[in-house]
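J.: Have a look; sequence and predicted model below, questions after that.
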Amino acid sequence: MNAQQLCVAAKPLHAASNCSAPARSLRGDLRAGAHYSRARALVSRARSHAQQRCALQVRAEEVKVSQDALDKTALLAELKALQEENNALKVEARSALGKLHSLGGTDMETLEILTKDLRSIEDLAGDIEWASSEDEEPFWQRSARKASALPLMLPPVPPVPADANPMHIVHISAELAPIAKVGGLGDAVAGLGLACAQRGHNVECIIPFYSCIDQTQIQNLQHERDLQSFFKDGMVSSKVYRGQVGGLNVILIQPDSHMFQGGAIYGGGYNELEAYLFFSRAALEFLQTSGRKPQVIHYHDWHTAAVPVLYWDLYNNLGLGASKVCLTIHNMDNTGECKVEELEWTGLPGEEYKVDERLMDPRTKGHNPERLSLLKGGIVYANAVTTVSPTYCNEILSGGASGWMRETLEFHKAKFHGFLNGIDRTVWDPERDAALPAQYSALNPAPKSLCKKYVLRGLGMPADEAGMKTPLVACVSRLVPQKGIHLIKRAIYRTAEKGGAFLLLGSAPQAGITHEFEQLAEELKDNPKIKLMLMYNENLSHHVYAACDIILVPSMFEPCGLTQMVGLQYGAVPVVRRTGGLADTVFDVDHAEEEERKNGFVFDGTDEGSLDGALDRALDYYTSDPTFWAELTKKNMAVDNSWAKSAAAYVDMYRTM
């Protein structure tokens, strides 16, 4: 609805004696129309002031050159006053823009005018505290904006309509981003939980209270209760805390023991199998003793796969019987191998589960000892099982990913669903990302170049005109075999051969792999366009996504993958190997059948030649056809990769379990 239509529509509204729902909606439109009118007027005044500033600057130069009778001091004072007023106008217009977003305004023409006139490259560049590789404090550990910069007016996330008949959903997980994140598991639990909460459901996430958690990231952290939970023939005391993380309700269980102590989420000085078996029972004990009766208990990967076994065979008979249980397999690489006596630590009769129909690992039949699989139990005892992409679901049920569990998966295949993960747009959105030196979007992509320049300068890479025109390839990844380490190395060499720039951000849990990349960094230290950062920092990753032109994801297998989706959102064109969720989200610009889905470069093989073919095409397109590249990145940024669609699918599945 445009401004003229709003004026016409206003007449019957003022004559109405009451305020029906349509009338309230129309009044919202009228307010939006008023804000647009105000914004347009402000833009007009800002343009007029800009012209006056230009004229004054010319007159000031004339004074300098000709020593005219004009009062130079007064002239400069007038110029300064106009600049200050113009800045004030911009603040007002940005405020109007924020109100427009909150009211659901859709006048794209006005939005574009505001964006171009009030967020010019020059204005944004002037607000940036430019970084240098010589700075004592790394740029990703401080604000990218000057203290004197105009305040950011970030558009709010559009509201989500609430579902009818909201449910109580409890996630039990080893990870939750950002406070306890190692990989995609933490992102997925947080993203799905928040998306369902935004739809009106009561969502709680139960995680271990790792000693390495940064408690400042938890809002309203408070002690909920003390808990006694059976484990290893006795009772273990725990403290239970509650708080909010990014708007999501979180429950943290802290045992009075060595478990979950250490400087990292995994790899502490404790037995992880022991810790997660304890945690699985303690989480259910908390639900029962606190009187909670959630409709859904959703558990994740092998860490909490004992939850449904304990639920159905123990807690279902102790009053916690109103729930249905759902497993999400984020990665089948670890199936939770477990001895009979280890399962008995939870109070379950371990020998009863050493049968094919339950937890028996058939690979160990006749061995001493025979073993169980917690993940198999999680599948057998689930009401529903999901994977994190449709292709990975197919790979599990009918491809090589099933492995020794093929018979179990075949028997339970009717309960399987493949739902694609999404990205949390409250965290991963360059239009709303306050960490960046400048915000940008599909509507206004130009400020992305400032983000690239900021990172190049901050890391000591070439940031002159030639450096800015050089394609920047980035890889943000854990350095483990699954991620295609040999292809990452090849991409670094190949990009260098082609004259491009390469930025690696990633760490390796294995010392040998770290040493390999340290040697590679030493070998390439004289190439200023290659930077290998063998570490991980969440804030820095935001800067890398915003800076790069191409994002590389050459995984050997990838259940879903968020890297390519974040890259698309941030205007980085993905180069990926076709597997799992990568096959569901990236479609080759030269070979995909559906034109509108073409968004990246895809290869199939695991050899260096296959990688070279896709990477070379990406580099060639970037350098030879900048117009095509600009249109491709704008199209990619406009696609919704959020959790909205998948969250709706999960809610539908929850209701039918």
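T.: That came through fine. Residues are numbered from 1 along each chain as shown.
J.: OK, contacts around the nearest residue to Met637 once chain neighbours are set aside?
T.: Using CB to CB, 6 or more residues apart in numbering and skipping the chain neighbours, the partner closest in space to Met637 is Ala442 (3.9 Å). Using the backbone N, CA and C atoms, a C-beta is placed for each residue, glycine as well. Neighbouring residues of Ala442 by CB atoms under 8 Å, 6 or more residues apart in numbering: Lys634, Lys635, Met637, Ala638.
J.: Closest to Val236 out of those residues?
T.: Met637 (49.4 Å; CB to CB).
J.: what helix or strand does that closest one sit in?
T.: Counting by DSSP states H and E, the element that carries Met637 is helix 626-638.
J.: elements contacting that helix?
T.: Judged by 3 or more CB pairs under 8 Å, 6 or more residues apart in numbering; DSSP states H and E, helix 626-638 is in contact with helix 563-569, strand 573-577, helix 608-624.
J.: With only the CA atoms kept, save that helix in PDB.
T.: Provided in PDB are the C-alpha atoms of helix 626-638 (Å, rounded to 0.1, in the frame of the first residue of the first chain):
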ATOM      1  CA  PRO A 626      32.000  -8.700 -12.000                       C
ATOM      2  CA  THR A 627      28.500  -7.800 -13.100                       C
ATOM      3  CA  PHE A 628      27.400 -11.500 -13.000                       C
ATOM      4  CA  TRP A 629      29.200 -11.900  -9.600                       C
ATOM      5  CA  ALA A 630      27.400  -8.900  -8.100                       C
ATOM      6  CA  GLU A 631      24.000 -10.200  -9.200                       C
ATOM      7  CA  LEU A 632      24.800 -13.700  -8.000                       C
ATOM      8  CA  THR A 633      25.700 -12.500  -4.500                       C
ATOM      9  CA  LYS A 634      22.700 -10.200  -4.300                       C
ATOM     10  CA  LYS A 635      20.400 -13.100  -5.300                       C
ATOM     11  CA  ASN A 636      22.000 -15.400  -2.700                       C
ATOM     12  CA  MET A 637      21.700 -12.900   0.100                       C
ATOM     13  CA  ALA A 638      18.000 -12.500  -0.600                       C
END
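J.: who's in contact with it?
T.: 430, 441-442, 445, 448, 549, 568-573, 589, 598-600, 621-622.
J.: rewinding a little: for Ala275, find the nearest of the helices and strands packed on helix 626-638.
T.: helix 563-569 (28.5 Å).
J.: Rounded mean pLDDT for that closest one, please.
T.: When pLDDT is averaged along helix 563-569, the result is 97.
J.: And that helix, how far out from the chain middle?
T.: The chain centroid and the centroid of helix 563-569 are separated by 9 Å under CA atoms, centre = their mean, to the nearest Å.
J.: which SS class is Arg358?
T.: Three-state call for Arg358 (DSSP: H, G, I helix; E, B strand; the rest coil): coil.
J.: just to revisit the earlier point, now the helices and strands packed on helix 626-638 as TSV including distance to Asp361?
T.: Shown next, in TSV, are those (distance: least, CB to CB, whole Å):
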stretch	distance to Asp361
helix 563-569	32
strand 573-577	30
helix 608-624	35
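J.: and the ones you listed as TSV, adding mean neighbour count?
T.: Shown next, in TSV, are those (neighbours: other CB atoms under 10 Å):
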stretch	mean neighbour count
helix 563-569	26
strand 573-577	26
helix 608-624	18
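J.: Can you point out the helix or strand that includes Ser257?
T.: Assigned by DSSP H and E, Ser257 belongs to no helix or strand.
J.: Name the nearest residue to it, sequence neighbours excluded.
T.: Excluding its sequence neighbours, the residue lying closest to Ser257 (CB to CB, 6+ apart) is Val236, at 6.4 Å.
J.: Quick check: the gap between the one you found and Ile297.
T.: Using CB to CB, to the nearest Å, Val236 is found at 21 Å from Ile297.
J.: Neighbour count: the two, which is higher?
T.: More neighbours surround Ile297 than the other of Val236 and Ile297, with 27 against 18 (other CB atoms under 10 Å).
J.: Tell me, please, where in the stretch 151-300 of the chain the pLDDT is lower than the cut-off.
T.: For the stretch 151-300 of the chain, applying pLDDT under 70 flags the ranges 153.
J.: any chance you could map the helices in it?
T.: Ranges of helices within the stretch 151-300 of the chain are 184-198, 272-289, based on DSSP state H, counting those that start in this stretch.
J.: just these: most buried one?
T.: Most buried of these by mean neighbour count (mean count of other CB atoms under 10 Å) is helix 184-198; its value is a mean of 25.
J.: OK, contacts around Ser507?
T.: Residues in contact with Ser507, defined by CB under 8 Å, 6+ apart, are Arg478, Leu479, Thr514, Leu534, Met535, Tyr536.
J.: how about 10 Å then?
T.: Neighbouring residues of Ser507 by CB atoms under 10 Å, 6 or more residues apart in numbering: Ser477, Arg478, Leu479, Val480, Ile513, Thr514, Phe517, Met533, Leu534, Met535, Tyr536, Asn537.
J.: Narrow those to those in strands?
T.: Among these, the ones falling in strands (DSSP state E) are Met533.
J.: quick one: secondary structure of the residue nearest to Met637?
T.: Secondary structure state of Ala442, per three-state DSSP, is coil.
J.: Okay, now the unreliable bits of the stretch 351-500 of the chain?
T.: Applying pLDDT under 70 to the stretch 351-500 of the chain flags residues 401.
J.: how would you label the residue nearest to Asp588 when sequence neighbours are not counted: helix, strand or coil?
T.: In space, and not counting its chain neighbours, Asp588 is closest to Val602: 4.3 Å by CB to CB, 6+ apart. Under three-state DSSP, the three-state class of Val602 is strand.
J.: how much space between Val602 and Leu611?
T.: Distance from Val602 to Leu611, counting by CB to CB: 11 Å.
J.: hey, what's in contact with both of these two?
T.: By CB under 10 Å, 6+ apart, Val602 and Leu611 have these common neighbours: Val575, Arg577.
J.: ok so, going back, can you check the contacts of Ser507 and name whichever has the most neighbours?
T.: Ser477 (25 neighbours).
J.: Quick check, it in contact with Leu505.
T.: Yes. Between Ser477 and Leu505 there is a contact at 7.8 Å, judged by CB atoms under 10 Å.
J.: Quick check: neighbours shared by those two?
T.: Listed as contacting both Ser477 and Leu505 by CB under 10 Å, 6+ apart are Tyr536.
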